[in-house]
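S.K.: Fold the following.
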Amino acid sequence: MNQQNILKINNLHVTINNQSIINGLNLSINAGEVHAIMGKNGSGKSTLAKVIAGHPSYNIIKGNINLKGEDITLEEPEKRAHKGIFLGFQYPLEIPGVNNIDFLRLAYNSIKKANNEIELDPISFFDLINHKIKEINMNETFLNRNVNEGFSGGEKKKNEILQMSLLNSTLSILDEIDSGLDIDALKQISDNINKLKCQTKSLLLITHYQRLLDYIKPDYIHIMDAGKIVYTGDFKIAHQIEKEGYNFIL
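M.R.: Coordinates of the predicted model:
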């Protein structure tokens, strides 16, 4: 039985301010797979995450991005989110004055509305979100705080994972989710991510370090350099990079 293809990127070329950032990148991710992208600073890893999510600052000048067989190359960011793409940020923004539970309910219902599904009233949503926070061992007091305001680095990352769980997206992209976490927070965040993995959805991790991949074992690791994938291997590659750097590949 063939796995459903979730993401397929063909010969992608991207610029920002007339500077080439992505140069002929190809990538294919099937349902149930975990992929990781590694590479030196400036190789284009985070840019790729933003481009998949539809960041308006980047210009796609060639190639295409397909989600479940549908061309989304020119789709607006919110349309991509409605179709099943979630991007967890390296540095989640604080949103003063916006209550976390209100923000989460708006995000959840906007996707439901776009897909002609039933939106949840505040009481029904409260029941749902309480179930979600218990699944990831998050304190319910976070629901009544402003979005990420005054949160520690680990708390912000956990809030991103709560969004990932709630929105139940087909493709979740986590951009350096391990950044700034101590070892205990990293293990807890990784455990939560592992709970959310399933055979119908896919996960794309972007990271500098092998330590994240000790907890979330990817099916494939892709090495980026100069805006394209130059090498693909299994999770063992991360240990080689940790010991020898990227020189043995590049």
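S.K.: For this protein, which segments count as helices?
M.R.: For the chain, the helices defined by DSSP state H cover 45-53, 77-83, 100-114, 122-135, 153-167, 183-196, 210-215, 236-244.
S.K.: Make a markdown table from the ones you listed and add mean pLDDT and mean neighbour count to it.
M.R.: Every C-beta, even on glycine, is put in place using the N, C-alpha and C of the backbone. Formatted as a markdown table, the helices of the chain follow (pLDDT from 0 to 100; neighbours: other CB atoms under 10 Å):
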| stretch | mean pLDDT | mean neighbour count |
| --- | --- | --- |
| helix 45-53 | 96 | 21 |
| helix 77-83 | 96 | 16 |
| helix 100-114 | 96 | 17 |
| helix 122-135 | 94 | 14 |
| helix 153-167 | 91 | 21 |
| helix 183-196 | 91 | 16 |
| helix 210-215 | 91 | 19 |
| helix 236-244 | 86 | 15 |
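S.K.: Quick check: which of those is nearest to I9?
M.R.: Smallest distance to I9 across the helices of the chain (CB to CB): 7.6 Å, for helix 45-53.
S.K.: How far does that closest one sit from its chain's centre?
M.R.: Centroid displacement of helix 45-53 relative to its chain, using CA atoms, centre = their mean, to the nearest Å, is 9 Å.
S.K.: Any chance you could list what contacts it?
M.R.: Applying CB atoms under 8 Å, 6 or more residues apart in numbering, the contact partners of helix 45-53 are 7, 9, 12, 14, 16, 21-22, 25, 37-39, 57-58, 60, 65, 77, 80-81, 85, 87, 90, 171, 173, 175-176, 204, 206, 224, 227.
S.K.: I'd like to know which of these are buried.
M.R.: 7, 9, 12, 14, 21-22, 25, 37-39, 58, 60, 65, 80-81, 85, 87, 90, 171, 173, 175-176, 204, 206, 224, 227 (16 or more other CB atoms under 10 Å).
S.K.: These in strands, which ones?
M.R.: Among those, the ones falling in strands (DSSP state E) are 7, 9, 12, 14, 21-22, 25, 37-39, 60, 65, 85, 87, 171, 173, 175, 204, 206, 224.
S.K.: Most remote residue from the middle of this protein, which is it?
M.R.: What lies farthest from the middle of the chain is I123; by CA atoms, centre = their mean that is 28.8 Å.
S.K.: So N5 is in contact with S28, correct?
M.R.: Yes. Here N5 reaches S28: they are 6.4 Å apart, a contact under CB atoms under 8 Å.
S.K.: CA atoms only for stretch 212-229 - export them in CSV, please.
M.R.: Taking Å, rounded to 0.1, in the frame of the first residue of the first chain, the C-alpha atoms of stretch 212-229 are listed here in CSV:
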residue,chain,number,x,y,z
LEU,A,212,16.8,16.9,19.6
LEU,A,213,17.0,14.0,17.2
ASP,A,214,18.0,11.7,20.1
TYR,A,215,14.5,12.1,21.4
ILE,A,216,12.5,12.5,18.1
LYS,A,217,14.0,10.0,15.7
PRO,A,218,13.6,11.1,12.1
ASP,A,219,13.1,8.8,9.2
TYR,A,220,15.3,11.1,7.0
ILE,A,221,17.8,13.8,7.7
HIS,A,222,18.5,16.3,4.9
ILE,A,223,21.5,18.5,4.8
MET,A,224,21.1,22.0,3.3
ASP,A,225,23.9,24.1,1.8
ALA,A,226,23.6,27.3,-0.3
GLY,A,227,19.8,27.0,-0.5
LYS,A,228,19.4,23.4,-1.5
ILE,A,229,19.5,19.9,-0.1
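S.K.: okay, which residue is most central for the protein?
M.R.: Short answer for the chain (CA atoms, centre = their mean): I173, at 1.6 Å.
S.K.: Would you check how far apart that residue and S110 are?
M.R.: 19 Å (CB to CB, to the nearest Å).
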